[in-house]
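Colleague: Make a model of this:
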Amino acid sequence: MLNQLEFLTESKNEHLIDILSESKYVFETEVNAINLVKDALDERFVRIVELISNCSGKVIVTGMGKPGHVSRKIAATMSSLGTSSFFLHPAEALHGDLGMISANDIVIAISYSGESEEITRILPNIKMIGATLIGISGNQNSSLVKYSDYSFVFPKFNEACSMNLAPTSSTTVEMVLGDALAVCLSKIYGFQERNYALYHPAGSLGKKLLIKVTDIMHAGDKNAVVKAGTKLKDAIIEMSSKAIGIINIVNQNNELIGVFTDGDLRRTFTREVNVYNLVVDDVMGKIPIYIDCNMLAVDALKMMKEKNISALPVISENKLVGTVRVNDILGMGIFV
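Modeller: The predicted structure is shown next:
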């Protein structure tokens, strides 16, 4: 057998061919396993989906070793797509965490051999608690399948490991089966983008579908606003102190009648006007574009980009309530 140094000093081209060949074998073997399981899907799988969709409690996924890692991911995917679910470590379950299970729950236990000691030891207790047990295995005659109320048994396939020992193909099909469960359940629930965003508020989609203009606008003392008839010099001071690049002009009823931007200010100075004699009404942009406070921030961003505007007044029930800027929205991680 070659030691590591001898292995590394072999012909690079030879090992490049070996690596590519072995890699393609892994892909082919695991794809073949997925296809075999896909073709084996039948009423057993349908019944499992129906059971979970009608579950009045929680869905608990458990597994040991590599299937344990897969189980954790399946529980996370289910939760993110609308099925209340969590992972239960079988070893911890033996030391008290079985108390997380109640009679109206469904437990999905995953063990390719169906004989993992930590799994088989908690099966009697799950039955005594009264929870519905679903077994996922590759062994029809296993303890897991015999204990289960419902089961899905994989067809025979090879592991991608060259020794046909390490969980490779088996964990892949377990993962895909879990994804299929989660996606089918989300369809049954009528799970939509807004639901997904609700469970992923820190994600890009969550921000786009949840954050409104009112959540990020400059309001109250942070907003730049003056009344009609205000001297231009005072309006400039107000605008510069708030540093948001725009000042809103309102009437006595706090209704927006115009805006004055830093661009307007530059154009005003090029005309060499006397800022001490003018009022802001003389130079403001009338009938300004504005947005509603309940508009999604992503829609406001689209509008501002289309019109090449960096800031807009925000209105609620015809009253000025704030100002929002492109940079405020981009700073929240929202892009279009």
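Colleague: Okay, the closest residue to H218 other than its chain neighbours and N308: tell me how far apart.
Modeller: If the residues on either side of it in the chain are set aside, H218 comes closest to T323, at 4.8 Å by CB to CB, 6 or more residues apart in numbering. In this view, the C-beta of every residue, glycine as well, is placed from N, C-alpha and C. As for T323, its distance to N308 is 17 Å (criterion: CB to CB, to the nearest Å).
Colleague: next one: A33
Modeller: From A33 over to N308 the distance is 54 Å, taken as CB to CB.
Colleague: before we move on, what about I236?
Modeller: With distances taken as CB to CB, I236 is found 23 Å from N308.
Colleague: Looking at those two, which is more packed in?
Modeller: Between I236 and N308, counting by other CB atoms under 10 Å, I236 is the more crowded of the two (19 against 7).
Colleague: tell me the contacts of that one?
Modeller: For I236, the contact set (CB atoms under 8 Å, 6 or more residues apart in numbering) comprises L265, V275.
Colleague: Now do the helix or strand where it lies: distance to the chain's middle.
Modeller: When secondary structure is defined by DSSP states H and E, I236 falls within helix 232-242. How far helix 232-242 lies from its chain's middle: 42 Å, per CA atoms, centre = their mean, to the nearest Å.
Colleague: Show me what whichever helix or strand comes after that helix is packed against.
Modeller: Following helix 232-242 in sequence order, the next helix or strand is strand 246-250 (DSSP H and E). Helices and strands in packing contact with strand 246-250 are listed as strand 225-227, helix 232-242, strand 256-261, strand 311-316, strand 319-325; criterion 3 or more CB pairs under 8 Å, 6 or more residues apart in numbering; DSSP states H and E.
Colleague: Can you give the strand pairings for the fourth one, parallel or anti for each?
Modeller: Sheet neighbours of strand 311-316, with direction, are listed as strand 291-292 (parallel), strand 319-325 (antiparallel) (DSSP bridges).
Colleague: quick one: C55 and V107 touch, right?
Modeller: No: contact criterion CB atoms under 8 Å: C55 and V107 do not qualify, at 10.6 Å.
Colleague: shared neighbours of the two, anything?
Modeller: The overlap between the contact sets of C55 and V107 (CB under 8 Å, 6+ apart) consists of T132.
Colleague: For the two, indicate the residue with more neighbours.
Modeller: For C55 and V107, the more surrounded residue by other CB under 10 Å is V107, and the numbers stand at 25 against 18.
Colleague: Put the alpha carbons of stretch 227-244 into CSV.
Modeller: Once side chains and other backbone atoms are set aside, the C-alpha atoms of stretch 227-244 remain, and they are given as CSV (Å, rounded to 0.1, in the frame of the first residue of the first chain):
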residue,chain,number,x,y,z
LYS,A,227,-44.6,74.9,7.2
ALA,A,228,-45.5,76.8,4.1
GLY,A,229,-44.3,80.4,4.2
THR,A,230,-41.1,79.5,6.0
LYS,A,231,-38.1,81.6,5.0
LEU,A,232,-35.8,79.7,2.6
LYS,A,233,-32.8,80.3,4.9
ASP,A,234,-34.6,78.6,7.8
ALA,A,235,-35.7,75.7,5.6
ILE,A,236,-32.0,75.2,4.5
ILE,A,237,-31.0,75.1,8.2
GLU,A,238,-33.7,72.5,8.9
MET,A,239,-32.7,70.4,5.9
SER,A,240,-29.0,70.5,6.7
SER,A,241,-29.6,69.7,10.4
LYS,A,242,-31.5,66.5,9.5
ALA,A,243,-29.1,65.5,6.7
ILE,A,244,-31.5,63.4,4.7
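Colleague: Many thanks, have a good one.
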